[in-house]
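>>> predicted model and sequence below, questions to follow.
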Amino acid sequence: MKTNLKRFLAAVLSALTVTALLAGCGGGEEAAVSTNDLDFGGETITFAYPSEFSMAYTEGTNDPYLIHQRQRMDELEQRFNCKIAQVEGKGQYWTQMTASIAAGTPLGHVMVTKEGYLLDWFKAGAIANLADAMAQTGIDFTDSRYSQTVRKMTRFDGGQYAFSDLPSSPTGALWYANLSLFEREQLGNIYELIENKEWTWDKCEKIAAKATKTDASGNTTQWGIRASQGTQLLLSLAVSNGGSIAGFDAEGKPTLPLSEPAATEAFRKFYDWGIVKKIADIGDGSTSWDPAPLAFTEGNIAMLVSDNALFQTAQDHAMADQIGVIYPPIGPQMDDYATSASCGQMYFIPVTYQDMAPKLLPLVNELFAPDEELMEKEVVYKYPRLNDSADSLRVYLDILTNSQRHFSDATQLLKVDWVSPTVHEMCAKVLSGEQTPDEAIAANTPQFLATMSDTMEDHTLKMNEP
């Protein structure tokens, strides 16, 4: 997500510069001004973000997006007579933001948050509601250049509190295939299966069973499937079957789709593959996320469920085998591929600058003009192993940009992965054989619902509305 942040950084900083000046020239009550009319008299606007993210500087980089965005920023500084300042939040960025905003001294005109903090900052009154600005400008973030997951999951009490451009890496778990192992073991052409909509749970299970090997002592020497974390596999299976773990009902109140048939069926499949048939090695959370991607580079895992870091791990360890990105297999309740999506990092305007929003949004909209060719150049630059397979690159880009495939899950937003008992702990008990999926769901549902209700308090989020 670093590049995504840099991207909006450059974009919004320009936007911010424009906005602040406009606000100083007339206040937020007047009609939004066309970007063609914006002149900020040389004023500086600041964009602030946490220290673990890089600024949108291009010195010493060949990153095509940063080069493009730097040129764009220079153009906008000239066009709108503004100066863009980029500020890195030092120290306790995540814990000091609400206090600084409450004091009227936010670090920037536009800032960054992430899913786990969003609700706390919203409830503290630190985040501007963009609903009025959207009504004035006609910009509602439904355009394909914006993350629809962020749009839908930040609409508290009928308002709109955050937005984001499309990230340059998926926000949910990714499925990978060792294409060389598929060829060695004669497991079939997985992209033909995908193209023909034959890549299903049943087909995945058969391939994983064929790929799993044991030695004379019964030790597994090659896995059909390995998952970095149980929650990643559980969520991807739930979504591929039309379900999820946590969400909201039609009234905007927290609900637990995990206890509904689609996700329960996915949890049983998770158990069947990992415990009964032993064709999947599923991380129980007792170790870091590193062992599974590292093991994948050794060439004895057919499929891996992990995150984007696999590309860097494969490059660092000079993995000889060819890698392919694939969709999660289609569950019995679905007829097409679906992928899990979370908000990741997103952008907001501090409430201090609420009145600037009607003049900020038109510029942001202009800065986020879609460029599919640039997106492809960016992901290949960041992840050269995507060039292993043209089919892999095609699937990866589709996962990134096709919001019709994205099923948004609120596990992180509602802190079911933060407050014990967590979803991670639930998965660990199932993987240890302590509980079956049905027992685990029954045992944890009351506490999960209580955690979600406490997190939302009396607020609502109608996530499933258009």
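Done, it's in.
>>> identify the residue nearest the geometric centre of this protein.
With distances taken as CA atoms, centre = their mean, residue 171 lies nearest the centre of the chain, 2.2 Å away.
>>> you'd agree that residue is up against residue 341?
Yes - the pair residue 171 / residue 341 is scored as a contact, 5.3 Å apart, by CB atoms under 8 Å. From N, CA and C alone the C-beta is placed, and that goes for glycine too.
>>> quick check: neighbours shared by the two?
Counting by CB atoms under 8 Å, 6 or more residues apart in numbering, the contacts common to residue 171 and residue 341 are residue 149.
>>> export the helix or strand in which residue 263 is found to CSV, keeping only CA atoms.
Using DSSP states H and E, residue 263 sits in helix 261-271. C-alpha atoms of helix 261-271 as CSV (Å, rounded to 0.1, in the frame of the first residue of the first chain):
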residue,chain,number,x,y,z
PRO,A,261,-24.8,-21.0,5.7
ALA,A,262,-22.3,-19.7,3.1
ALA,A,263,-19.6,-19.0,5.5
THR,A,264,-20.3,-22.0,7.8
GLU,A,265,-19.9,-24.2,4.7
ALA,A,266,-16.6,-22.5,4.0
PHE,A,267,-15.4,-23.1,7.6
ARG,A,268,-16.3,-26.8,7.3
LYS,A,269,-14.3,-27.0,4.1
PHE,A,270,-11.4,-25.3,5.8
TYR,A,271,-11.6,-28.0,8.5
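>>> and after it, which helix or strand comes next?
Trace forward from helix 261-271 with DSSP H and E and the next one is strand 280-282.
>>> from the chain's centre, how far out does that following strand sit?
How far strand 280-282 lies from its chain's middle: 23 Å, per CA atoms, centre = their mean, to the nearest Å.
>>> equivalent analysis for stretch 113-129, please.
Distance, centroid of stretch 113-129 to centroid of chain: 17 Å (CA atoms, centre = their mean).
>>> and the contacts of that stretch?
Contacts for stretch 113-129 (CB under 8 Å, 6+ apart): 94, 97-98, 101-102, 153-154, 156, 159-162, 342-351, 353-354, 357, 412-413, 415, 418, 455-457, 459.
>>> for stretch 396-408, same thing?
144, 147-149, 152-153, 166-170, 172, 174, 239, 242, 244, 247, 325, 327, 336-342, 372, 375-376, 379, 386, 463.
>>> mind running it again at 7 Å?
148-149, 152-153, 166, 170, 239, 244, 325, 337-341, 375-376, 379, 386, 463 (CB atoms under 7 Å, 6 or more residues apart in numbering).
>>> do stretch 335-343 as well
So stretch 335-343 is in contact with 115, 149-150, 153, 170-173, 235-236, 239-240, 327-328, 330, 399, 405-409, 412, going by CB under 7 Å, 6+ apart.
>>> please apply the same query to stretch 236-254.
Against stretch 236-254 from outside (CB under 7 Å, 6+ apart): 173, 175, 235, 255-258, 260, 262-263, 265-266, 269-270, 305, 328-334, 338-340, 407, 409-411, 414, 416, 423, 452-453, 456, 460-464.
>>> now swap in stretch 380-392 and tell me
Contacts of stretch 380-392 (CB under 7 Å, 6+ apart): 3, 63-64, 168, 179, 191, 311, 314-315, 322-325, 379, 393, 396.
>>> any idea how far residue 309 is from residue 284?
Residue 309 sits 19 Å away from residue 284, going by CB to CB, to the nearest Å.
>>> wait, I meant residue 361
45 Å.
>>> of these two, who's got more company?
residue 361 (24 against 17; other CB atoms under 10 Å).
>>> where along the protein do the strands fall?
44-50, 83-89, 110-114, 174-178, 213-214, 220-227, 247-248, 254-255, 280-282, 301-306, 323-326, 339-341, 345-348, 406-408 (DSSP state E).
>>> neighbouring strands - and their directions - for the longest one?
Pairing partners of strand 220-227, with direction, according to DSSP bridges: strand 213-214 (antiparallel), strand 280-282 (parallel), strand 301-306 (parallel).
>>> leaving out chain neighbours, which residue sits closest to residue 165?
Distance criterion CB to CB, 6 or more residues apart in numbering; nearest residue to residue 165, sequence neighbours excluded, is residue 368 at 4.9 Å.
>>> that neighbour and residue 46: what is the separation?
With distances taken as CB to CB, residue 368 is found 20 Å from residue 46.
>>> can you select the buried ones from the contacts of stretch 236-254 in ChimeraX?
Those of the contacts of stretch 236-254 that count as buried under 16 or more other CB atoms under 10 Å are selected in ChimeraX with:
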select :173,175,235,255,256,257,258,260,262,263,265,266,269,270,305,328,329,330,331,334,338,339,340,407,409,410,411,414,416,423,452,456,460,461,462,463
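>>> how many other residues sit next to residue 196?
Count around residue 196 with other CB under 10 Å applied: 8.
>>> ok, now the one 5 residues further on?
By the other CB under 10 Å criterion, the neighbourhood of residue 201 contains 21 residues.
>>> residues contacting it?
Going by CB under 7 Å, 6+ apart, residue 201 touches 269, 329, 331, 332.
>>> read off the pLDDT value for the second one.
Translated: residue 329. In this prediction, residue 329 carries a pLDDT score of 98.
>>> and it, backbone torsions?
Dihedral pair for residue 329: phi -60, psi 150, per degrees, to the nearest 10.
>>> gap between it and residue 308?
Distance from residue 329 to residue 308, by CB to CB: 20 Å.
>>> measure the spatially closest residue to residue 107 that is not a sequence neighbour to residue 203 for me?
Leaving aside its chain neighbours, residue 107 sits nearest to residue 48 (3.5 Å; criterion: CB to CB, 6+ apart). As judged by CB to CB, residue 48 and residue 203 stand 48 Å apart.
>>> outline the domain layout of this structure.
Recorded structural domains for the chain (assignment: automatic domain parsing) are 2-170+343-382, 174-341+387-456.
>>> weakest of these in terms of mean pLDDT?
Among the domains of the chain, domain 2-170+343-382 scores lowest, at a mean of 78.
>>> show me which of residue 48 and residue 203 is the more surrounded one.
residue 48 (23 against 15).
>>> okay, now the nearest residue in space to residue 64 that is not next to it in sequence: neighbour count?
Excluding its sequence neighbours, the residue lying closest to residue 64 (CB to CB, 6+ apart) is residue 377, at 4.4 Å. Using other CB under 10 Å, residue 377 has 15 neighbouring residues.
>>> repeat for residue 210
15.
>>> surely it and residue 184 touch.
No - applying CB atoms under 7 Å as the test, residue 210 and residue 184 come out as separate, 11.8 Å apart.
>>> which ones are touching residue 464?
Counting by CB under 7 Å, 6+ apart, the residues that residue 464 touches are residue 248.
>>> how far away is it from residue 236?
Residue 464 is 20 Å from residue 236, by CB to CB.
>>> for residue 420, see how far away the nearest residue to residue 286 once chain neighbours are set aside is.
Spatially, and ignoring its direct neighbours in sequence, residue 286 is nearest to residue 428 (7.2 Å; CB to CB, 6+ apart). Residue 428 is 12 Å from residue 420, where distance means CB to CB.
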